[in-house]
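**Q** Here's my sequence, what's the structure:
(chains A and B)
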Amino acid sequence: MSTDTATLPVGRYAYDQVDRTFLSQRVAQFREQVGRRVAGDLSEDEFKPLRLMNGLYLQLHAYMLRVAVPYGMMGADQMRELAHIARTYDRDYGHFTTRQNIQFNWIRLEDTPDILERLAGVNMHAIQTSGNCIRNVTCDEFAGAAADELLDPRIHAEILRQWSTLHPEFSFLPRKFKIAISGSPHDRVAARFHDIGLVAHPGPDGRPVFDVFVGGGLGRTPIIGVHLRDNLPEEDLLAYLEAVVRVYNAYGRRDNMYKARIKILVQALGVEQFREKVDAEFAQMNRADYRLEPAIVEGIRARFGIPDLDAPADAARKLEADRKADARFDRWVRTNTHTHRHEGFISAVVSIKPDGGIPGDVTADQMDLIADLADEFSFGEIRVTHMQNVVLGHVRKDRLRDLWRRLEGAGLGTPNIGLVGDIIACPGLDYCALANARSIPIAQKLSARFANPELQENIGTLRINISGCINACGHHHAGHIGILGVDKRGEEFFQLTLGGSAENDVAIGQIIGPALPEDETVDAIARLIDTYLVLRNEGEAFIDTYRRLGAASFKDAVYAPA
Amino acid sequence: MPLLENGHVTEDRWAQAIAGEALPAGAVIVPLERLEEGLARPKDAPLGVAIGPDVDVAVLRPALPRLGLVAVNFPTFRDGRAFTQARALREHLSFTGEIRATGTPLPDQYEFLLRCGVTTVQTDRTEDVAVWQQAHEIISIAYQPSVLHERPQGLGLRRFLVTD
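**A** Here you go, the predicted structure:
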């Protein structure tokens, strides 16, 4: 390991003075825009897209600031600054989102320039976490660590972050635009539920190539992304994405915001015609202007600190012994870890879903603790996951039990990753101006109902997703069990969908029947799960039993209680 | 607002075609529907054309050698199609004349306009020119190539924007 990389933050791109100058200019620009708004020189209509491009929403009760965590990666120093912001400017909380960002729910407009300045002080920002532009690029939470990875997607995620930042042509698109990138054959980024999903792998000469999916998404019109092309060479990555987004900018609908996403354009044209337009644009571009030279990629890669993976030879054996000695620890290791490419290391998932808690909510003190644990156990590196959890990517196996004890002590040791308790939920009517129903209480009740870790583990892999409205921020279409809040004459009802998945077996969940009143929803889901336990074959996950038997077997359980 | 060029006020030498009236002598901007009529004028009479955001600029290809100006329109600042039109005029059609942004773009979009190939702005907005100049100067770094071929910074895709 060279002395140069030893000084770089592990896992994320290191800013230099030019990047810092850009951020401080951006803060100054927003301060000036806020000033013009306050002076009345900008109408709210005009100010809105400008504040949204700096992550600032106006919600039900207050402004909400969504801070970018580029491809989910941050450092302990950055997490501590987020804790400070939570304490000083919010009510002591932050909320991790499915876009691998963090948001604060109780922000004052006039504080925002100061908050952005503090963020810039630790090389963070809120650029393009909202608005009709290319949003924060997401990637695999186990990037650079996972044993099954073919290619570390963070380098290209950072290149896409830079390319899309204040892109002159693509900052006023018909609608928001989301890109996800994976470097593993196991899709952990929901590639086919994005406007563009990129799956990276090494090409024949060892250089990265990309398989491109386009036009996927959830929301009102859930659509699985179509396959646009395979083996896009790295040097053409930016040119090709420019071509795709240009076609969208020119032809995407602008008359109806509900039909403005690229998925609607792709469906309207058909994939063949859409591909023809992209290829025509790509063919007439001066590709030299957009070529992503290997030197540029290597220059960016060189700004990423890499962990010095050095573990004692008996680290794995020590972990085995620790697991044998402690059944509770053993369970947590089973549920909350992921295989690392280095045999002496493991990736640990910190559940931000305590029993009966609010998914993704974390206190300032917990943020500080996570920062300390990252420094102590994982090279100061922290990852936010699209499941609203946190990952410490590189933990030495012989030290995993120490980490677990510390997490346990802070209420962060819940062994529920991938299980019933690991619920994705949007903020719902408790915060969101769009919502029709509250998501958080359903999530809390379900989580409390299935708090027993033995029961959860017996039920096995089960993804529950809750959205408080049709916009589907809780990705209910992609849940094995999806829950959608609807409003019926002022009362909250919940509609169940079954069979969705955002992974390699991608599917959109199907509505099972009429929506249920709030007070019946949790019981109905409990009966649904009981039914699965009766009907399942040995070793079969809920989604497999559902696919084998179909909706009918579960419908009775939901609508005809014994 | 007066005509803005590269952050400064400049004189407008172009006249607009008036609906229902014959085209005046001298430099005139015609709507796309009257392009044929404009092209029929003497070859030394400066001609510009104004297009809507839904026009594929490729339709201008045959006329471009005769055109000194293309006006692209922002019916609202949210409609970003003109950015793509301007860029296509520069990159695909090698148009070197004036590209004028009309309608109601925001001053905050000024740098984006310039980087996509727009050279002049004529809007109905009421901001002082100073606001536009400030928007032009406040950010000095960009992270992607543009039609202006700004000076590369050295690391990655970064460019130093040229400011006056």
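**Q** what about B:T96, distance to chain A?
**A** Going from B:T96 to chain A by Cβ to the nearest Cβ, to the nearest Å gives 15 Å. Glycine gets a C-beta too; all of them are placed from N, C-alpha and C.
**Q** from chain A, which residue is nearest to chain B?
**A** Going by Cβ to the nearest Cβ, chain B is nearest to A:F172 of chain A, at 3.0 Å.
**Q** what's the first-to-last distance across stretch A:499-517?
**A** This stretch, stretch A:499-517, spans 21 Å end to end (Cα to Cα, to the nearest Å).
**Q** Name the SS class of the residue of chain A closest to chain B, please.
**A** The three-state label given to A:F172 by DSSP: H, G, I helix; E, B strand; the rest coil is coil.
**Q** Near it, how many other residues are there?
**A** Residues near A:F172, counting by other Cβ atoms under 10 Å in any protein chain shown, number 25.
**Q** Could you pull up the residues touching the closest residue to it other than its chain neighbours?
**A** With sequence-adjacent residues excluded and distances taken as Cβ to Cβ, 6 or more residues apart in numbering or on different chains, A:F172 is closest to B:G80, at 3.0 Å. Each residue near B:G80 by Cβ atoms under 8 Å, 6 or more residues apart in numbering or on different chains is listed here: A:N132, A:E169, A:F170, A:S171, A:F172, A:L173, A:N249.
**Q** Isn't the first one up against A:R175?
**A** Yes: at 5.4 Å, A:N132 counts as touching A:R175 under the criterion of Cβ atoms under 8 Å.
**Q** how about the residues of chain B near chain A?
**A** B:56, B:77-81, B:83-85, B:87-88, B:91-92, B:106, B:108-109, B:111-116, B:127, B:131, B:134, B:138-146, B:149, B:153, B:155-158 (Cβ under 8 Å from any Cβ of the partner chain).
**Q** filter those residues to the buried ones?
**A** For those, a burial check counting by 16 or more other Cβ atoms under 10 Å in any protein chain shown picks out B:77-81, B:83-85, B:87-88, B:91, B:106, B:108-109, B:111-116, B:127, B:131, B:134, B:138-146, B:153, B:156-158.
**Q** Just the ones in helices from these, please.
**A** Using DSSP state H, the members of those that fall within helices are B:81, B:83-85, B:87-88, B:91, B:111-115, B:131, B:134.
**Q** With pLDDT as added columns, please give those residues in CSV.
**A** Formatted as CSV, those follow (pLDDT from 0 to 100):
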residue, pLDDT
B:R81, 98
B:F83, 98
B:T84, 98
B:Q85, 98
B:R87, 98
B:A88, 98
B:E91, 96
B:E111, 95
B:F112, 97
B:L113, 97
B:L114, 96
B:R115, 97
B:V131, 91
B:Q134, 90
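**Q** any chance of these in JSON lines, plus distance to A:G299?
**A** Formatted as JSON lines, those follow (distance: Cβ to Cβ, whole Å):
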{"residue": "B:R81", "distance to A:G299": "34"}
{"residue": "B:F83", "distance to A:G299": "28"}
{"residue": "B:T84", "distance to A:G299": "29"}
{"residue": "B:Q85", "distance to A:G299": "33"}
{"residue": "B:R87", "distance to A:G299": "26"}
{"residue": "B:A88", "distance to A:G299": "30"}
{"residue": "B:E91", "distance to A:G299": "25"}
{"residue": "B:E111", "distance to A:G299": "25"}
{"residue": "B:F112", "distance to A:G299": "26"}
{"residue": "B:L113", "distance to A:G299": "29"}
{"residue": "B:L114", "distance to A:G299": "27"}
{"residue": "B:R115", "distance to A:G299": "22"}
{"residue": "B:V131", "distance to A:G299": "36"}
{"residue": "B:Q134", "distance to A:G299": "32"}
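**Q** For the residue positioned nearest the centre of chain A, give me the pLDDT.
**A** By Cα atoms, centre = their mean, chain A has its centre lying nearest to A:H386, at 2.5 Å. A:H386 carries a pLDDT value of 93.
**Q** my read: it touches A:Y71, true?
**A** No: at 10.4 Å, A:H386 does not count as touching A:Y71 under the criterion of Cβ under 8 Å.
**Q** Provide a list of residues in contact with residue 100.
**A** You didn't say which chain, so I picked chain A. A:Q100 makes contact with A:V69, A:Y71, A:G72, A:N136, A:T138, A:C139, A:E141, A:R383, A:V384, A:T385, A:H386, according to Cβ under 8 Å, 6+ apart.
**Q** Chain B was what I was after
**A** Contacts of B:R100 were listed using Cβ under 8 Å, 6+ apart, and they are B:I29, B:G48, B:L69, B:V70, B:A71, B:V72, B:V118, B:T119, B:T120, B:V121, B:Q122.
**Q** try A:Y13
**A** By Cβ under 8 Å, 6+ apart, the residues touching A:Y13 are A:P70, A:E158, A:I300, A:R303, A:F304.
**Q** Look up the pLDDT of it for me, please.
**A** Reported pLDDT for A:Y13: 96.
**Q** same deal with A:Q59?
**A** Looking at A:Q59, its pLDDT reads 82.
**Q** Next, count neighbours for it.
**A** Number of residues near A:Q59 (other Cβ under 10 Å) recorded here: 17.
**Q** which residues touch it?
**A** Each residue near A:Q59 by Cβ under 8 Å, 6+ apart is listed here: A:N105, A:Y431, A:C432, A:A433.
**Q** what residues do A:H386 and A:Y71 have in common as contacts?
**A** A:Q100, A:T138.
**Q** from chain B, which residue is nearest to chain A?
**A** Closest approach between chain B and chain A, counting by Cβ to the nearest Cβ: B:G80, at 3.0 Å.
**Q** ok, so what distance separates that residue from A:L173?
**A** B:G80 sits 6 Å away from A:L173, going by Cβ to Cβ, to the nearest Å.
**Q** Strands along the stretch 101-250 of chain A, start to end?
**A** A:102-107, A:138-139, A:179-182, A:196-202, A:208-214, A:226-233 (DSSP state E, counting those that start in this stretch).
**Q** Tell me which of these sits nearest to B:A19.
**A** B:A19 lies closest to strand A:208-214 among those, at 41.9 Å (Cβ to Cβ).
**Q** Pull that closest one out as PDB, backbone CA atoms only.
**A** The C-alpha trace of strand A:208-214 is given here as PDB (Å, rounded to 0.1, in the frame of the first residue of the first chain):
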ATOM      1  CA  PRO A 208     -15.100  -2.600 -17.600                       C
ATOM      2  CA  VAL A 209     -18.200  -3.000 -19.700                       C
ATOM      3  CA  PHE A 210     -21.800  -2.200 -18.800                       C
ATOM      4  CA  ASP A 211     -25.100  -3.800 -19.500                       C
ATOM      5  CA  VAL A 212     -27.700  -1.100 -19.700                       C
ATOM      6  CA  PHE A 213     -31.300  -1.200 -18.600                       C
ATOM      7  CA  VAL A 214     -33.700   1.700 -19.100                       C
END
